[in-house]
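**Student:** generate coordinates for the sequence data below:
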Amino acid sequence: MVRVGIAGTGRIVPAHIEAIRYVGGEVVAIASSDRRRAREVAARHRVPRSCRVAEIVSDRAIDVVHVAGRNVDHVPVAVAAAEAGKHVVVEKPLAFTAGESALIESRVSAAGLRGMTCFTYLGHGAVRAAHELVAAGEVGPVVLVRGHYLQDWLALESDTDWRCDPELNGPSRALADIGTHWFALLEYITGQQVVAVRAEMETAVRRATPAARSGGSGGDDVAVVSLRLDRGAIASCVVSQLSHGHHNDILVEVTGRSGSVSWSSELPTELVTAARSGADRVRDVRAVDGDRPPLAALLANFYAAVTGEASPGWYPPLSLGVRAAMFVDAALQSSASGDWVPLGPARQRRPPG
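**Tutor:** Numbers count the residues shown, from 1 in each chain. Below you'll find the predicted structure:
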């Protein structure tokens, strides 16, 4: 049995607890600098222990640390866990910049440990089926990918969260928070890598937030991004946390020379394919069983790797989290300059915590 400590007490933590238990893991402790909040979360979810982060890092009985707190804490917690011999599961974005994200990956790798980035949607059976269909050439060479990730939880001036504070969240909000999910879906489903981006990013809602401390706006609310892929395809994505009526709406549609395939989070167990032959148009909707929650499906493979199973299955590695951070870095640069920006080598922009 894999024994897990969770660093964080936010709204994503219950999903981690559920997935860990679903695959037979044991949640040993909830850790936070806010001891009262850690006790509340632990009691609510029947976790036997609450403590400070340093205690789960040093606890020899814990095999894996899930880093699920504020973005500003990801680097110090993940690095400390790796240095203490713990495998890590890190929420996205891994860190504020690609350089800091690469630091997590390098420390985990140097210690001979495993690391996973929480791109949860990659655990859906229909997403895996789309990846396999494209890899098999069923849609032909990919020429276009389009889609969106739309939410409305920050649509009002009164809506706020720690993610609105750049000192806790980092320089990008919407694109780093949810656009990275779309980026991971794009690269996974197509099997291609993004080589350049051009982005427009805006802060449309001015809210009273701690962002005023640093003189910043708190980050982007909306973004429109064009992307070039390494085999010649182009892509386009709209990201918004202001889109009224959209709770958590993701769409990825891949168009090839002989057909298309699309997946939507609104109908997560369905895979839609389409093709045209002469005057005939064929559209097929196929149900793909979701036998496990998506995060549980990924954790099952990751924990199998942690315990040394011979064929553990695929999970999103830390390297994909680093690439997603490179994407955000490039988009921020492009939005400022108006130019296409390549996804260059990861670089560090500020000292790690």
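**Student:** state the number of residues packed around the spatially closest residue to residue 241 that is not a sequence neighbour.
**Tutor:** In this structure, residue 241 finds its nearest non-sequential neighbour in residue 154, 4.3 Å apart by CB to CB, 6 or more residues apart in numbering. C-beta here means a position set from N, CA and C on the backbone, and glycine is covered the same way. Residue 154 has 23 neighbours, counted by other CB atoms under 10 Å.
**Student:** for residue 154, which three-state class applies?
**Tutor:** Under the three-state scheme (DSSP: H, G, I helix; E, B strand; the rest coil), residue 154 adopts coil.
**Student:** wait, what's in contact with it?
**Tutor:** 160-161, 164, 173-174, 205, 221, 241-242 (CB atoms under 8 Å, 6 or more residues apart in numbering).
**Student:** one more: residue 285?
**Tutor:** 270-272.
**Student:** count the neighbours of the residue nearest to residue 85 when sequence neighbours are not counted for me.
**Tutor:** Spatial nearest neighbour of residue 85, excluding adjacent residues (CB to CB, 6+ apart): residue 111 at 6.7 Å. Each residue near residue 111 was counted by other CB under 10 Å, and the total is 18.
**Student:** help me confirm that residue 111 comes into contact with residue 83.
**Tutor:** Yes: contact criterion CB atoms under 8 Å: residue 111 and residue 83 qualify, at 6.9 Å.
**Student:** please enumerate the helices of the stretch 101-250 of the chain.
**Tutor:** 125-135, 166-169, 174, 180-190 (DSSP state H, counting those that start in this stretch).
**Student:** any idea which of the ones you listed scores lowest on pLDDT?
**Tutor:** Mean pLDDT is lowest for helix 166-169 out of the helices of the stretch 101-250 of the chain, coming in at a mean of 85.
**Student:** touching, residue 102 and residue 321? I think so.
**Tutor:** No: between residue 102 and residue 321 there is no contact under CB under 8 Å: 9.4 Å.
**Student:** who's more crowded, these two?
**Tutor:** Counted by other CB under 10 Å, residue 102 and residue 321 do not tie: residue 321 has more neighbours, with 29 against 23.
**Student:** what pLDDT does that one get?
**Tutor:** 97.
**Student:** tell me the SS of it?
**Tutor:** helix.
**Student:** now do the contacts for it.
**Tutor:** Contacts of residue 321 (CB under 8 Å, 6+ apart): 90, 92-94, 101, 104-105, 117, 119, 180.
**Student:** correct me, but residue 316 touches residue 187?
**Tutor:** No: between residue 316 and residue 187 there is no contact under CB under 8 Å: 10.1 Å.
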